[in-house]
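1. here you go, sequence then predicted model.
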Amino acid sequence: MKAALATASVDVSDLFVSAGNTELIAGVSFSVAAGESVAIVGESGSGKSLTLKSIAGILPAGVRITSGSAGVGGRAALIPQEPLSALDPLMPVGKQITEICRYVAGLDRKRASARTRELLEQVGLGYLQARTAAYPHQLSGGERQRALIAMALASNPDVLLCDEPTTALDVTVAAQVLGLIERLQRDLGLTILFVSHDIAVVSHVCSRILVMRAGVVVEDAPTGQLVDHPAHPYTKQLLSAVLEVPELGPRHEEGTTL
Ligand SMILES: Nc1ncnc2c1ncn2[C@@H]1O[C@H](COP(=O)(O)OP(=O)(O)OP(=O)(O)O)[C@@H](O)[C@H]1O
């Protein structure tokens with residue numbers, strides 16, 4: 001496939017988010033340049049998901065942006081944490097991908113089928129083509145996450161918003177899916193914003209890391225610098241909680257294991 005030219009970026013400017021009178025995000029600002037891969041890390045409740053949801057425009061009911069802004073310049077696609085809940089259980093995954101090619105990307109029936117085959121190949125699920133009636137429950141967790149990535153790509157996004165996409169997977173499969181996301185970012189020039197509680201996971205995929213705590217960004221630095229010379233005590237605490245941050249340098253390739 002022709003590599004897409006990255007023209008989009010993410011921009012969050014002095015974002016405040018509340019539920020009722022409770023302030024959940026308190027003045028977050030950052031931007032992601034086109035083609036850049038950036039992670040937001042922090043413990044549960046730090047506000048990473050709400051920041052991502054503000055950007056995607058999918059805040060839950062009762063939660064709202066009270067001031068500032070968050071958005072994407074271009075088309076964004078979200079890869080959620082739990083693939084099973086994001087797939088239609090009653091429709092074969094190939095058909096779900098084809099529907100997006102037809103009704104979101106606007107391809108005719110024949111082109112949508114060809115594009116589906118291409119996308120399945122691209123995410124390492126080429127063998128599903130023969131099993132046209134593969135329903136989500138017949139796939140493994142890793143296959144479902146790959147299928148969701150294919151669905152995300154079907155809409156021709158500029159930006160991939162990844163919300164802990166490997167948390168539900170075992171460590172070997174998680175490494176393969178991370179390798180896939182990293183390769184797609186490189187090959188298609190996608191902009192990536194990747195939310196995770198795990199610095200070790202994001203250090204593979206992202207070149208810059210934002211650390212969030214209690215609704216604010218406490219540190220924002222290139223991955224190598226943040227891992228080797230953390231400036232904020234909370235970043236140090238997060239790093240010390242990780243058993244071992246894998247070597248930076250050659251990153252994981254698909255098919256390798258941790
Ligand atoms: N729908 C909601 N209504 C009220 N408060 C909410 C809602 N969703 C999240 N919150 C609160 O907002 C804060 C930030 O939540 P958020 O989901 O962004 O955290 P997180 O860092 O992504 O954590 P996790 O990794 O557990 O998802 C938390 O205190 C959470 O309880």
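-> Structure received.
2. any idea of the mean pLDDT for stretch 92-108?
-> Averaging pLDDT along stretch 92-108 gives 93.
3. okay, now residue 78: neighbour count?
-> By the measure other C-beta atoms under 10 Å, the count of residues near residue 78 is 20. Every residue, glycine included, has its C-beta placed from N, CA and C.
4. let me see the contact set for it.
-> 52, 56, 58, 152, 161-163 (C-beta atoms under 8 Å, 6 or more residues apart in numbering).
5. before we move on, what about residue 193?
-> 10, 32, 38-40, 52, 55, 159-162.
6. neighbour count and pLDDT added to these, as a markdown table?
-> Converted to a markdown table, the contacts of residue 193 look like this (neighbours: other C-beta atoms under 10 Å; pLDDT from 0 to 100):
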| residue | neighbour count | pLDDT |
| --- | --- | --- |
| 10 | 25 | 95 |
| 32 | 23 | 95 |
| 38 | 22 | 96 |
| 39 | 26 | 96 |
| 40 | 27 | 97 |
| 52 | 24 | 96 |
| 55 | 23 | 96 |
| 159 | 23 | 94 |
| 160 | 23 | 94 |
| 161 | 24 | 95 |
| 162 | 27 | 93 |
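7. count of neighbours near residue 108?
-> 9.
8. for it, give me phi and psi.
-> Torsion angles at residue 108 (phi, psi; degrees, to the nearest 10) stand at phi -80, psi 170.
9. give me the subset of the contacts of residue 193 that lies in helices.
-> When DSSP state H defines the helices, the subset of the contacts of residue 193 inside them is 52, 55.
10. so which of the contacts of residue 193 are also by the ligand?
-> The overlap between the contacts of residue 193 and the neighbours of the ligand (C-beta under 6 Å from any ligand atom) is empty.
11. how about low-confidence regions in the stretch 51-200 of the chain?
-> Along the stretch 51-200 of the chain, the parts satisfying pLDDT under 70 run over 130-132.
12. and residue 169, helix, strand or coil?
-> coil (DSSP: H, G, I helix; E, B strand; the rest coil).
13. now it. Nearest residue, chain neighbours left out?
-> residue 141 (5.3 Å; C-beta to C-beta, 6 or more residues apart in numbering).
14. residues in contact with the one you found?
-> By C-beta under 8 Å, 6+ apart, the neighbours of residue 141 are 83, 168-170, 173.
15. let's see 10 Å
-> 82-84, 166, 168-170, 173-174, 177 (C-beta atoms under 10 Å, 6 or more residues apart in numbering).
16. okay then, goodbye and thanks.
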